[in-house]
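Undergrad: For reference, the sequence and a predicted model appear below.
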Amino acid sequence: MSVMLVSEKILMGATSLFAKLFRWRPQRRYKYHSMGEDMEVGYPMVLVQIPMYNEKQVYKLSIGAACGLSWPMDRIIIQVLDDSTDPEIKNLVELECKAWKSKGFNIKYEIRDNRHGYKAGALKEGMKHSYVGHCDFVAIFDADFQPEADFLMETVPFLIHNPDICLVQTRWKFGMLNILVTSFHRKNKITRYMRKYTT
């Protein structure tokens, strides 16, 4: 056995013994009740912020995903913070917001005349609007992030039932990762094919 394995076993044994002797317990679990179980609590007002900057490839997906969240429509405000410098993209994002608004969604399209602070500055500026004062919680999604429909149903209860928690972060899944990996494998196969048949 190598020295590293022996030292690891000794360290793990000492840690286990220490935990047993001093009755160390894992960190406490937080209370969680799904929103369905707590209907008397009611649904809090949630602001969903999506900062964008020339996001032509993903603006429809991200706005659609935010509008597809499982949450009562009268208890959610979707705020699209568009810092795009390309007038064509700005127009497309605004039209997409209007399309969702016509379907009954409470969606706000916000622009500003400068880019101070970039996306963080846009988020800060977005918090200054009067309707934000009515919101209990804020969810922030980058433009290329598409949350699962149950995102708010799964995360907001932690904030409701644990007043000492001020932030909930979840695991991310990247949609572009599969495309990049698939593209890499495809190029790799083509390269191997070309080497095999050209030599």
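TA: Perfect, thanks for sending it. In this text, all values refer to a predicted model and were calculated from it rather than measured experimentally.

Undergrad: Tell me where the protein has helices.
TA: Remark: helices assigned in the chain by DSSP state H are 3-21, 59-67, 87-102, 118-126, 151-161, 175-198.

Undergrad: what's the closest of the ones you listed to Val46?
TA: Distance to Val46, taken as CB to CB, is lowest for helix 151-161 among those, at 6.0 Å. In this view, the C-beta of every residue, glycine as well, is placed from N, C-alpha and C.

Undergrad: Tell me the buried residues in that closest one?
TA: Within helix 151-161, the residues that qualify as buried are 151-157, 159-160, counting by 16 or more other CB atoms under 10 Å.

Undergrad: same question, stretch 49-68
TA: 49-55, 58-59, 62-63, 65-67.

Undergrad: Deepest in the core, which of the helices of the chain is it.
TA: helix 59-67 (a mean of 20; mean count of other CB atoms under 10 Å).

Undergrad: other SSEs contacting it?
TA: Contact here means 3 or more CB pairs under 8 Å, 6 or more residues apart in numbering; DSSP states H and E; on that basis helix 59-67 packs against strand 46-52, strand 76-82, helix 87-102.

Undergrad: any idea how far it is from the chain center?
TA: How far helix 59-67 lies from its chain's middle: 12 Å, per CA atoms, centre = their mean, to the nearest Å.

Undergrad: Need the residues that contact that helix.
TA: Outside of helix 59-67, the residues within contact range by CB atoms under 8 Å, 6 or more residues apart in numbering are 48, 50, 52, 55, 78, 80, 89, 92-93, 96-97, 100, 103, 105, 107, 141-147, 175.

Undergrad: do stretch 84-91 as well
TA: Stretch 84-91 is contacted from outside by 52-56, 59, 82, 93, 111, 115, using CB under 8 Å, 6+ apart.
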